[in-house]
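> Have a look at this prediction, sequence included:
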Amino acid sequence: MRPTLPHWRAPMTSPAPREATSLREISTQQWKSGIAAWLGWLFDGLELHLYTLVATPFVMQLLHTTDVANPAIKEKSAYIQAAFLIGWALGGAFFGRLGDLLGRSRALALTVLTYALCTGLCALSQTWWQLMLFRFVAALGIGGEWAVGASLLSETWPRAWRPWLAAILQTGVNIGVLSGAVFVGLLVTYMPAGSERWVFLVGVLPALLVFWIRRHVPEPDTWRQAEESVGHKNPGARELFRGHVRSTTLRTTLVCALGLSAWWLFLFWQTQHLRKVLADAHTPAAEVTGLVSAAFFAFNFASVIGNFGAGWLAQRLGNRRAIVLMFVGLGASIFGAFVVPRSFGALAWAWLPVGGFFGGVFGLFTMYLPPLFPTLLRTTGAGFCYNIGRIAAAIASIVFGLYAPVGDFRGALVWVSAIAGAAALCSWWLPERTHENEAT
């Protein structure tokens with residue numbers, strides 16, 4: 001006898017409407033949800049990496065030291081980065097839950113407002129722990145925006161377009177990061193030394209997006225119908241760990257934990273390694289931040305190409321196989337970059353862009369994760385599984401920051417390649433089944 005589905009996962013009784021096959025057939029609602037999500041991703045990227053680009057000089061200011069080799073700089077930087085990643089994880093779970101309870105549009109507006117205001121407050125930090133606190137709260141909004149925005153698009157745009165949508169959304173992050181690199185480069189060129197803190201004021205701009213979202217972006221019909229079908233009695237978050245949904249939750253959480261740990265350690269420590277390489281080459285201090293920003297620009301330009309490369313693979317091989325191959329490439333490129341000492345030029349213009357290309361794997365998760373969960377657990381599940389990986393990344397940041405020999409970022413990054421390899425291995429067991437044929 002077939003088991004009875006919970007009331008919040010009853011099968012659909014009416015056929016789904018025909019999906020659009022050309023841009024002319026995309027509805028006004030779909031365009032608005034797409035624009036809102038893309039802009040949210042763009043500002044995410046901008047605010048995510050403002051700290052990464054100015055971490056060392058800003059923390060040096062807050063610690064009142066001019067010695068770049070001071071161990072306290074690396075230690076406090078690791079704590080701040082860990083707090084940010086923990087905030088991202090908690091924000092994904094918290095705002096993801098709100099997205100299922102309050103609606104996608106409402107929750108999206110709240111996430112943008114949170115990270116915009118708190119990023120701006122980072123500029124007013126007077127101590128390293130104040131900076132850590134503001135980065136933590138800003139990260140709550142950034143983590144939540146991913147989960148809510150991804151579900152919003154998965155419920156409004158045609159299914160066949162998802163690999164390319166994922167690439168376009170992730171490109172929004174890359175453009176935001178590149179904008180941050182340009183902004184920081186201009187700042188250090190035309191403003192006096194010690195002005196790094198003011199880059200965070202640009203983070204207030206996304207607050208203006210909130211008003212447009214609340215006025216023009218409606219809630220998806222899928223979510224509204226699911227809410228009505230259960231009489232607004234939503235399932236609890238514990239349902240993520242019951243039935244066959246539990247297997248999906250555990251498998252995707254493991255892959256996200258490994259993959260995101262590797263990626264964030266790679267992003268953070270490769271920037272610090274580039275600074276060390278430049279310092280060892282006796283590069284003038286006034287030129288270091290500009291060169292690192294330029295390298296970051298090349299890295300993220302390659303990531304834009306990688307987003308579409310990952311989408312192309314997903315169209316032909318399916319999400320699971322594409323994720324496996326991209327993680328293999330990421331691990332191999334990190335290992336190749338740092339297994340032997342290399343010059344700044346070799347790293348910045350050759351090896352690191354290759355790693356940036358394979359970082360396109362994370363764009364696939366945007367459209368892949370939400371449909372794995374029932375509608376009324378969609379933002380909860382996607383937010384939990386993807387962003388809980390930040391907890392693992394935060395722990396890894398502290399371990400690498402405290403126990404790696406001072407200044408030996410290259411040796412630590414070789415071990416990061418092994419974490420990416422483990423993510424590739426575990427990705428082979430990711431699920432392919434979705435819940436899109438269920439009303440809720």
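Looks like it came in fine. Numbers count the residues shown, from 1 in each chain.

> Now find how far off-centre the lengthiest helix in the chain is within its chain.
The longest helix of the chain (DSSP state H) is helix 243-280. In terms of Cα atoms, centre = their mean, to the nearest Å, the centre of helix 243-280 is found 10 Å from the chain centre.

> And the following helix or strand past that helix, what does it pack against?
Remark: after helix 243-280, the chain's next helix or strand is helix 285-317, criterion DSSP states H and E. Judged by 3 or more Cβ pairs under 8 Å, 6 or more residues apart in numbering; DSSP states H and E, the packing partners of helix 285-317 are helix 28-63, helix 162-190, helix 243-280, helix 319-338, helix 352-358, helix 361-368. For the C-beta atoms, the positions are set from N, CA and C on the backbone; glycine is no exception.

> Could you give the average pLDDT over helix 285-317?
The average pLDDT within helix 285-317 is 88.

> Can you give me the buried ones in that helix?
Residues of helix 285-317 classed as buried by neighbour count (16 or more other Cβ atoms under 10 Å): 288-293, 295-311, 313-314.

> For the closest residue to L63 other than its chain neighbours, the count of nearby residues, please.
Of all residues beyond its chain neighbours, the one nearest L63 is A72 (5.7 Å), with distances taken as Cβ to Cβ, 6 or more residues apart in numbering. Residues near A72, counting by other Cβ atoms under 10 Å, number 13.

> for L376, same thing?
Residues lying near L376 (other Cβ under 10 Å) number 23.

> do A322 as well
A322: 24 neighbours (other Cβ under 10 Å).

> mind listing what it touches?
Contact partners of A322, counting by Cβ atoms under 8 Å, 6 or more residues apart in numbering, are A310, L313, A314, V361, L364.

> Can you give me the distance of it to L291?
From A322 across to L291, the span is 34 Å (Cβ to Cβ, to the nearest Å).

> Please produce TSV containing the contacts of A322, extended by distance to E432.
Converted to TSV, the contacts of A322 look like this (distance: Cβ to Cβ, whole Å):
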residue	distance to E432
A310	16
L313	15
A314	11
V361	16
L364	13
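
> ok, of those, which one's closest to W263?
Of all those, W263 sits closest to V361, with 8.6 Å by Cβ to Cβ.

> Quick check: closest non-adjacent residue to the closest one.
Using Cβ to Cβ, 6+ apart and skipping the chain neighbours, the partner closest in space to V361 is M326 (3.4 Å).

> Report the next helix or strand after the lowest-mean-pLDDT helix or strand in the chain in sequence order.
Ranked by mean pLDDT, DSSP states H and E, the helix or strand of the chain with the weakest confidence is helix 389-403, at a mean of 70. As assigned by DSSP H and E, the chain's next helix or strand after helix 389-403 is helix 409-427.

> counting contacts, what elements does that following helix pack onto?
With contacts defined as 3+ Cβ pairs under 8 Å, 6+ apart, helix 409-427 has these neighbours: helix 243-280, helix 319-338.

> Now the first one: average pLDDT?
Same thing as helix 243-280. Taken as a whole, helix 243-280 has a mean pLDDT of 89.

> for it, which positions count as buried?
Under 16+ other Cβ under 10 Å, the buried positions of helix 243-280 are 245, 248-249, 251-278.

> so that helix versus helix 409-427, what angle?
Here helix 243-280 runs at an angle of 160 degrees relative to helix 409-427 (axes from the mean of the first three to the mean of the last three Cα atoms, to 10 degrees).

> next one: the last one
Helix 319-338 and helix 409-427 meet at an angle of 160 degrees, taking the same axes, to 10 degrees as the criterion.

> what helices or strands is the helix or strand encompassing A72 leaning on?
Using DSSP H and E, A72 maps to helix 71-102. Contact here means 3+ Cβ pairs under 8 Å, 6+ apart; on that basis helix 71-102 packs against helix 28-63, helix 104-121, helix 128-154, helix 243-280, helix 378-387, helix 389-403.

> how about these, which one is nearest G91?
G91 lies closest to helix 128-154 among those, at 3.3 Å (Cβ to Cβ).

> Specify the angle between that closest one and helix 378-387 in degrees.
Angle, helix 128-154 to helix 378-387, by the same axes, to 10 degrees: 130 degrees.
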